[in-house]
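> can't give you the sequence, but here's the structure:
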């Protein structure tokens with residue numbers, strides 16, 4: 001499948017990287033415990049917001065969580081050997097109805113592991129992994145209500161960098177009506193149960209996708225518009241590898 005891309009007005013850096021680092025373990029998170037660390041990770045993010053922005057660090061180890069909400073000027077960094085792993089029950093993820101834009105996506109599942117709407121200067125980066133735990137049995141049973149890995153709605157200055165993203169319940173991500181978005185050096189392996197897209201760019205503007213490798217059950221890269229209020233434009237994709245493979 002071929003696309004024609006508009007010239008991208010490059011933004012050389014996104015100013016979400018903050019000097020101050022807040023470690024989730026200092027807020028009570030425990031690695032490899034099998035218990036949900038949602039409250040502790042969210043507490044670190046909320047504390048970072050109160051000081052005007054910071055980096056929230058997920059260190060080495062596996063940290064289970066349900067939905068966490070990113071805020072303005074927050075970098076969520078996952079260190080080498082660290083994993084943010086999604087909870088394994090659908091109902092552990094709250095339904096989140098978007099308020100800034102209406103789209104056909106409103107008919108899709110409204111749950112996600114990481115969520116932000118109307119936020120600015122947000123980053124997901126690091127040498128670690130986000131694992132949506134999409135092969136959990138409950139996601140097979142509740143096949144029409146599985147969570148996204150990441151949903152960013154009406155956000156500006158968004159950076160994905162360096163991470164490995166794997167096995168979301170539904171699409172790996174849904175970026176809707178966002179402006180100034182960069183995907184750089186990310187690896188996506190998304191083979192769970194059914195509709196497992198890779199990078200979804202929906203009505204977004206000023207987007208760069210570079211040096212990314214995506215291997216997914218369904219569309220590895222999607223550029224579309226599902227809302228009459230958002231146009232997908234000024235998008236550049238370069239030096240990427242895409243593959244699709246279905247277990248069916």
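Looks like it came in fine. Bear in mind the structure is a predicted one, so any value in this text is a computation, not a measurement.

> buried ones in stretch 120-139?
Neighbour-count burial for stretch 120-139, counted by 16 or more other CB atoms under 10 Å, picks out 120-126, 128-134, 136, 138-139. The way it works is simple: take the backbone N, C-alpha and C, and place the C-beta from them, glycine included.

> chain center to it: distance?
6 Å (CA atoms, centre = their mean, to the nearest Å).

> show the end-to-end separation of it, please.
Its start and end residues considered, stretch 120-139 measures 31 Å (CA to CA, to the nearest Å).

> go on, stretch 230-241?
27 Å.

> run the chain-centre distance for that stretch.
17 Å.

> for the record, mean pLDDT for that stretch?
Mean per-residue pLDDT for stretch 230-241: 97.

> what's the separation between residue 219 and residue 93?
23 Å (CB to CB, to the nearest Å).

> who has more neighbours, these two?
residue 93 (24 against 19; other CB atoms under 10 Å).

> ok, back up a step: of the buried residues of stretch 120-139, which belong to strands?
Those of the buried residues of stretch 120-139 mapping onto strands are 120, 121, 122, 123, 124, 125, 126, 129, 130, 131, per DSSP state E.

> would you check that the first one makes contact with residue 155?
What that stands for is residue 120. Yes: counting by CB atoms under 8 Å, residue 155 is a contact partner of residue 120 at 6.8 Å.

> now the helices: where do they sit in the chain?
38-50, 137-141 (DSSP state H).

> name the residues of the longest one that are buried.
By neighbour count with 16+ other CB under 10 Å, helix 38-50 contains the buried residues 38, 40, 41, 42, 43, 44, 45, 48, 49.

> for stretch 173-187, same thing?
Per 16+ other CB under 10 Å, stretch 173-187 contains these buried residues: 173-183, 186-187.

> what about that stretch, start to end distance?
Stretch 173-187 end-to-end distance (CA to CA) = 13 Å.

> list the contacts of the closest residue to residue 82 other than its chain neighbours.
Closest residue to residue 82 apart from its sequence neighbours, by CB to CB, 6 or more residues apart in numbering: residue 128 at 3.8 Å. By CB atoms under 8 Å, 6 or more residues apart in numbering, the residues touching residue 128 are 58, 78, 79, 80, 81, 82, 83, 84, 163, 164.

> returning to that earlier point: mind telling me which of the helices of the chain the model trusts least?
helix 137-141 (a mean of 94).

> residue ranges with poor pLDDT in this protein?
For the chain, the stretches flagged by pLDDT under 70 are 1-18, 246-248.

> the residue nearest the centre of it pairs with what?
With distances taken as CA atoms, centre = their mean, residue 150 lies nearest the centre of the chain, 3.0 Å away. According to DSSP bridges, the residues that bridge with residue 150 are residue 114, residue 173.

> wait, it sits on residue 111?
No: in this structure, residue 150 is not within contact of residue 111 by CB under 8 Å, at 11.7 Å.

> what are the bridge partners for residue 214, then?
Applying DSSP bridges, one finds that residue 214 bridges with residue 188, residue 242.

> need the contact list for it.
187, 188, 190, 198, 199, 220, 221, 240, 241, 242, 243.

> switch to 6 Å and redo it
Shown in contact with residue 214 (CB atoms under 6 Å, 6 or more residues apart in numbering): 188, 198, 220, 242.

> which among these count as buried?
If we count by 16+ other CB under 10 Å, the contacts of residue 214 have these buried: 188, 198, 220, 242.

> quick check: the second one touching residue 188?
Yes: contact between residue 198 and residue 188 holds when scored by CB atoms under 6 Å: they sit 4.6 Å apart.

> which residues are common contacts for these two?
Counting by CB under 6 Å, 6+ apart, the shared contacts of residue 198 and residue 188 are 172, 214.

> now do the nearest residue to residue 21 once chain neighbours are set aside against residue 124, distance only.
Among residues not flanking residue 21 along the chain, residue 55 sits closest, at 4.8 Å (CB to CB, 6+ apart). In this view, residue 55 and residue 124 are 11 Å apart by CB to CB.
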